[in-house]
Structures are given as C-alpha cells and as structure tokens.
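Enquirer: what's the 3D shape of this:
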Amino acid sequence: MGNPFEGSTLACVRLTVEVAMAHAAGRLSRLAGQGGGTTLPGKLLTAIDPGAIGRLAKRLPEGSVIVSATNGKTTSTAMTAAILAPRFRLAHNATGANLTSGVASALIAARAAELGLFEVDEAALPGLAAALEPRVICLGNLFRDQLDRYGELEIVAERWRTMVDALPAETRLIVNADDPLVAELAHGRPHSTTFGVDDHAQRGAALQHAADSKYCVRCGAPYDYAAAYVGHLGDYRCPACGHSRPHLDVTARAVEQHGIDGVSFDLSVPEGSARVRLQVPGLYNVYNALAAASIARGLGFSLEETAEGLGRASAAFGRFERIAIGGRSLVMLLVKNPAGANETLRTLVQGDGPSVAVVALNDGIADGRDVSWIWDVDFEPLAARLERLVVSGGRAAELGLRFAYGGLDEQRIEVIPDIAAALDRGLELTETGGELVFLPTYTAMLELQGVIADRGYARPYWERVA
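Expert: Residues are numbered from 1 along each chain as shown. Next comes the predicted model:
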C-alpha cells in the first residue's frame, strides 16, 4: 500500500508528533465534556499538515473503503463495519463526521487499524478519494438535499463522474443500479459491482411527486418505471433510447417489512442466496444493507459471513434509536430531505402508526439553510393518525404551518422551539408504557442526544460509538 516513511525518517517522525498533538487535543476536548474529539483532532492535523490524511491512509495495510450517498451512508458504513469487524481492525468515522476533519480524526484515533472504512460527504468525496486512494468506493444514491450547499443533483453527479474517471483501473466501484444518475457512473468501467431491489411487491403506487431523477441520463426523455421503490430508485427504462437499469449483481428479493421492528429479505448474489433480518426498519435500510453486502463481497467475504454480519448490525448513530425514559420508549428517527423523510413516514404509518409525535426542524449549516423541502414531504398520512403533535427546533413555526396545511387540526399542534422542552411535552402526552416518536433533522438530533445524555438516559454519543 506504499511506503509509510515516504522516503524520509524525518517525515515519519514529524507525522507521529503531529498525530500525537491532535490526539491529545481530542482527549482534552472529551474530558471537558465537549465531544469535539470526533472532529477537533482532524481539524488540527489538517491545518498543520494538509497532506497528513494521505500519509496516514498509506499506513493501513488493507487500504481503505469509501461510502458516499445523499441518504444512508452512515447506516451503510455501520452495517459494513458489523460484517468486517470480526476480520479487520477498522479506522471508521462511526459518528457520521464525514468531512475531511472527521476522516482525519478517525485515522488518528485508530492507530492499530488495518482497514479504513469511511463515510464521506457528497461534496467532499472527490478530494478525499484523491487523498485516501481507496481500494473500494461505494456510491449509494443522489437525492435532492441542501441545495444551498450542493446545488442540483446533476452538479454533484458531474463532480462524481470526474472523480470516477480519474480512479485507477483496479479500484472497485460499487453503485446503486436503481439510481439512474449513480448507475451511469459505472458504465463501461471494469471492476464494478451493481446492487438493487428486485421485488415488485414493494413498489409504490406511482413515482412520488418529489422524485428527483425522472429523466433519462442519456437523452432526457421521461423514464418509464416498472417499479419505483424509494423516491426515484427503482426499475426504470427510457422508452426513447432504451437506456435501462443495468444487471444487478447483488439483489434483494422477497422483502418483508415488520413496521419499525425491522425488515427481512433474501440477499442474492451469483454464489447463492441467504435470508437476512435487519434490526432496523424500512426498504431504505434494505438498500443500505445491499451496499454493505456489495462491499463485503468485494473484499472477499462469504455470503454466510455477510448475512450474519447484517443480522448483527444495529442502527447507526442517531438514525434509529430506542431509549427508555420514565416508563416510556423514545423512538428517534432522523429526517433530513424529502426522499428520506417520505420513506421514514411510510414505515411509521404501517399498522396503526403513532398517536403522538415530536418533529423538530433546524436550519443549521449541517441541515441546510433552505427548509422549503418540508413542502415536498408527504406528512399527510402521519397527520391523519396523530392526536397530538409537538413541533420544535429553530423553524418550528414553519413546520407547524406545513402540518396545518396537511390537514392536521391546529388545536392539536403545539409549537415548542426548545428541544428539551419539546421532549418533555412529548413524554407528558405519551401514556406510560407507550412510545413517543421523535423525528429530528440532523442538528436537532444532536441537540436531542445532548439532552438525553445530560439527563442520564444514555451515554454521550461519542462514547456510544467509540
């Protein structure tokens, strides 16, 4: 994987000193209760030495794996880690810190690691791919998200295309074949793997109005969908030029959803098939599992090892958690863009659905300043089941208005911007023994995690993923 000394003992000593300084800064931050150990060491290291990530990556004897997507990259890497951990010591940014500083911090923390496993932000991907020189890159999907930061999907896809074109021929590229923009990136490329869902019983009644990639990537005509599974992900074909979903190498069939208790499916690869039951819900998590299975297969793991690892995998940080609080259960599900929110809501309303919920909307940098996406979320099925709703976060008022327009009686909506107070009110409205559903955006989720840790209901998040 290259010479870690880069021809110079002095360079190695310098890097060792830099890493020690950054590591110490992270420890001090955690001891102070700030939690900055997930990014602060990396920020310090890359400020001192911008080339340090590449040199640290070269020290990993088994190389690196990168996962990027708009939705699901944290969960996909968590599932991959569950499969790989019995065989490899991992450098893994498990908290979801997926910018350059987060990846650098993961490399600093895992000094004895053999393999790097990194989720990477969509916009940061080209630069980190060049620095890490990964042996595997997995591209999960492209959905409309944070338009104020990323721009339109085609802009991100073009940056990814430039990155893919620069990859060495031996780099294994894994793509979600059900996403037209992403699947096209592997066209004509050797050492590529495709994954997708093949179960028309799981298709939606129609392509969602908020679906993103509706038009052929080659000629621009509208796609015909034999099945649309999650947003624009599905079995598509262009009636004008014939472009269609490519052959699937790793496939999910016979999907059976169990509400918020999980989902089962047949994992099919050329070598055979195995039944998998995930501890996390929803068809969107089947896609995350397929990404993880494709990575494991590319690294030489057997179907049996992969199925067992997926069965062990628990929810990624903040994405799906159950926490006992005062005789009640808090169920936390992250929502951050139309496609992901719609699938979370579709899973929630299977069966009876919740009668009480807290939904929190922030507009921090990590959430995206533009919150107009809430008008593309199909909140109506949830609203029809709710007896009481608490809306919270910095943009709670807009969220309350969205639910009111969605048909929920304004008398049933309480606007409580403070996250801690909203949690208290939600618990008060929930019967003893019942479940409170809490749907936060990213920074609202971090605030909620802080409240939960401060009150002793769970350990701080940086300890739970350590």
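
Enquirer: what stretches of the stretch 1-150 of the chain score poorly on pLDDT?
Expert: For the stretch 1-150 of the chain, the stretches with pLDDT under 70 are 1-8, 10-11, 13-14, 17-18, 20-38, 145-150.

Enquirer: redo that, cut-off 80
Expert: In the predicted model, the stretch 1-150 of the chain carries pLDDT under 80 at residues 1-38, 145-150.

Enquirer: would you list every one of the helices in it?
Expert: Taking DSSP state H, counting those that start in this stretch, the helices of the stretch 1-150 of the chain run over residues 9-31, 40-48, 52-57, 73-84, 100-109, 125-132, 147-150.

Enquirer: dump the residue contacts of the residue nearest the centre of the chain.
Expert: Computing the C-alpha centroid of the chain and ranking residues by Cα atoms, centre = their mean puts residue 72 first, at 2.5 Å. Counting by Cβ atoms under 8 Å, 6 or more residues apart in numbering, residue 72 touches 140-141, 284-285, 287-288, 291, 340. The C-beta positions use only the backbone N, C-alpha and C, and glycine is treated the same way.

Enquirer: Next step: those residues restricted to helices.
Expert: Counting by DSSP state H, the contacts of residue 72 place 284-285, 287-288, 291, 340 in helices.

Enquirer: out of everything not next to it in sequence, what's closest to residue 121?
Expert: residue 98 (4.6 Å; Cβ to Cβ, 6 or more residues apart in numbering).

Enquirer: which residues does that neighbour contact?
Expert: 73-74, 118-121, 124 are the contacts of residue 98 under Cβ under 8 Å, 6+ apart.

Enquirer: picking up where we left off before, between the ones in helices among the contacts of residue 72, which is closest to residue 133?
Expert: Checking the ones in helices among the contacts of residue 72 against residue 133 with Cβ to Cβ, the nearest one is residue 291 at 20.6 Å.

Enquirer: can I assume that closest one is in contact with residue 140?
Expert: Yes - at 5.3 Å, residue 291 and residue 140 qualify as touching, with contact defined as Cβ atoms under 8 Å.

Enquirer: And the closest residue to residue 443 other than its chain neighbours, how far from residue 243?
Expert: Counting by Cβ to Cβ, 6+ apart, residue 443 lies nearest to residue 364, which is 3.9 Å off, once chain neighbours are set aside. Counting by Cβ to Cβ, to the nearest Å, the gap from residue 364 to residue 243 is 39 Å.

Enquirer: Same check on residue 451?
Expert: The gap separating residue 451 from residue 243 is 49 Å, by Cβ to Cβ.

Enquirer: So which of those two has more stuff around it?
Expert: Legend: neighbour count by other Cβ atoms under 10 Å for residue 451 and residue 243, higher for residue 243 (20 against 16).

Enquirer: Phi first, then psi, for the more buried one.
Expert: Main-chain torsions, residue 243, degrees, to the nearest 10: phi -60, psi 130.

Enquirer: what residues are up against it?
Expert: Going by Cβ under 8 Å, 6+ apart, the list of residues near residue 243 reads 180, 216-219, 237.

Enquirer: Which of these fall in helices?
Expert: If you go by DSSP H, the contacts of residue 243 have residue 180 in helices.

Enquirer: Please check the contacts of residue 243 and keep the buried ones.
Expert: Buried members of the contacts of residue 243, scored by 16 or more other Cβ atoms under 10 Å, are 180, 216-217.

Enquirer: what about residue 277, how many residues close to it?
Expert: 14.

Enquirer: Not counting sequence-adjacent ones, nearest residue to it?
Expert: Ranked by Cβ to Cβ, 6+ apart and with sequence neighbours excluded, the top spatial neighbour of residue 277 is residue 264, at 4.5 Å.

Enquirer: Quick check: closest non-adjacent residue to residue 239.
Expert: Sequence neighbours aside, residue 224 is the residue nearest to residue 239 in space, at 5.4 Å (criterion: Cβ to Cβ, 6+ apart).

Enquirer: in terms of contact, does the one you found touch residue 242 like I think?
Expert: No - counting by Cβ under 8 Å, residue 224 sits too far from residue 242 to count as a contact (10.9 Å).

Enquirer: out of these two, which sits in the more crowded spot?
Expert: Comparing residue 224 with residue 242 by other Cβ under 10 Å, the one with more neighbours is residue 224, at 14 against 10.

Enquirer: Tell me, how many residues neighbour residue 191?
Expert: Neighbour number of residue 191 under other Cβ under 10 Å is 16.

Enquirer: now residue 447
Expert: For residue 447, the neighbour count with other Cβ under 10 Å is 23.

Enquirer: Quick one: residues contacting it.
Expert: 360, 362, 419, 440.

Enquirer: Just flag the most distant two among those residues.
Expert: Longest span within the contacts of residue 447, Cβ to Cβ: 362 and 419, 8.8 Å.

Enquirer: Pull up the overlap in contacts between the two.
Expert: Residues touching both residue 362 and residue 419 by Cβ under 8 Å, 6+ apart: 393, 440, 444, 447.

Enquirer: And the third one, how close does it get to residue 450?
Expert: Meaning residue 444. Applying Cβ to Cβ, the value for residue 444 to residue 450 is 11 Å.

Enquirer: and those two? which has more neighbours close in?
Expert: A direct count of neighbours by other Cβ under 10 Å for residue 444 and residue 450 places residue 444 higher, at 28 against 15.

Enquirer: Now do the phi/psi pair for the more buried one.
Expert: phi -70, psi -40.

Enquirer: Look up how far residue 141 lies from it.
Expert: Distance, residue 444 to residue 141, by Cβ to Cβ: 23 Å.

Enquirer: didn't residue 398 look like it was pressed against residue 361?
Expert: Yes - Residue 398 lies in contact with residue 361 (Cβ under 8 Å); the separation is 6.9 Å.

Enquirer: Overlap of the contact sets of these two?
Expert: By Cβ under 8 Å, 6+ apart, the residues touching both residue 398 and residue 361 are 371, 374.

Enquirer: So between these two, which is more surrounded?
Expert: Neighbours around residue 398 and residue 361, counted as other Cβ under 10 Å, are more numerous at residue 361. The numbers are 26 against 16.

Enquirer: Retrieve the pLDDT associated with the closest residue to residue 394 other than its chain neighbours.
Expert: Distances taken as Cβ to Cβ, 6+ apart put residue 362 closest to residue 394, at 4.9 Å, once the chain neighbours are dropped. Model confidence at residue 362, given as pLDDT, is 97.

Enquirer: and residue 362, what helix or strand is that in?
Expert: Taking DSSP states H and E as the definition, residue 362 sits outside all helices and strands.

Enquirer: got the contact list for it?
Expert: 393-395, 440-444, 447.

Enquirer: how about a cut-off of 6 Å?
Expert: 393-394, 441, 443-444 (Cβ atoms under 6 Å, 6 or more residues apart in numbering).

Enquirer: And for the closest residue in space to residue 154 that isn't next to it in sequence, the neighbour number?
Expert: With Cβ to Cβ, 6+ apart as the criterion, residue 154 has its nearest non-adjacent residue at 7.6 Å, and that residue is residue 181. Neighbour count of residue 181, defined by other Cβ under 10 Å: 23.
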